[in-house]
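J.: Predicted model, plus sequence, below.
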Amino acid sequence: MSTNPSYKQQLLTLLARTSFRLGNFTLSSGGTSDYYIDCRTTTLHAEGGRLTGHAVLELLKANDIEAEAVGGLTMGADPIVCNVATASAWRAIEHQRLGYPGPGLLHGFLVRKAEKTHGTGRRIEGFCREGARVVIVDDVCTTGASTVNAIHAAREAGMIVAAVVCLVERQEANGRPAVEAAAGDAPFFALFTASDVRAEHVRQLDAKEKADSLEPA
């Protein structure tokens, strides 16, 4: 049996190290918090992006979610969408190399916060096909407003929301209830809670402090 950590476990380690900060912060909800999570420092990191794509694919596979595309509201979702789409292509290549059929590709789309005022006037960029099953992704869920916005946009374009995924759920500001209400029958998954990331961050700090104390003066 392999003892290698899963993509999810590796992603948590990196998130806690690069994206989690303790201090005094004002949130998008208007509230304050003693911590802040900026997932983009991880999802835009070369290795963090790779781990993000594969961790989301792991989650979808574990829950038997089938879809044709993945998308979300710009710009928190942008690197997640791109990395999941790319990871699905690498997965397909690996399955082909091994000589057996695998799941199809997950294409990407991005939802603008407002319709373009020029050109085609589209709100959705990239994949957009009526009747297609799609997964909505976001980085951090606090109020859930950006995720709900993307859900509505996808449905207005005629697509079917198969599932909703966020990297980190803050478990406050009624984010989950808001997303679940908008998602309807589509399940809402969080790879991690803020408590998960905080606990790993503290564990890393404690390990570093212990290591430093063992160094010769």
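T.: Everything's here; your move. Numbering: from 1, shown residues only.
J.: From now on I want contacts and neighbour counts done on CA atoms only, so please keep to that.
T.: OK.
J.: Could I get the full set of helices for the chain?
T.: 7-18, 40-43, 46-62, 78-98, 145-156, 175-183, 194-214 (DSSP state H).
J.: nearest to His107, of those helices?
T.: Closest to His107 of those, according to C-alpha to C-alpha: helix 78-98, at 5.3 Å.
J.: give the contact list for Glu94.
T.: By C-alpha atoms under 8 Å, 6 or more residues apart in numbering, Glu94 lies in contact with nothing.
J.: ok so, going back, between the helices of the chain, which one is nearest to Ala162?
T.: Ala162 lies closest, by C-alpha to C-alpha, to one member of those: helix 175-183, at 8.8 Å.
J.: buried set for that closest one?
T.: Using 16 or more other C-alpha atoms under 10 Å as the test for burial, helix 175-183 gives 175-176, 178-180, 182-183.
J.: How about residues contacting that helix?
T.: 141-145, 147-148, 151-152, 161, 163-164, 169, 186-188.
J.: Swap in 10 Å and give it another go.
T.: 136, 140-152, 161-164, 169-171, 186-190 (C-alpha atoms under 10 Å, 6 or more residues apart in numbering).
J.: ok, back up a step: point out the most buried one among the helices of the chain.
T.: Most buried of these, by mean neighbour count (mean count of other C-alpha atoms under 10 Å): helix 40-43, with a mean of 22.
J.: Point out the other helices and strands that it packs with.
T.: Applying 3 or more C-alpha pairs under 10 Å, 6 or more residues apart in numbering; DSSP states H and E, one finds that helix 40-43 makes contact with helix 7-18, helix 46-62, helix 78-98, strand 133-141.
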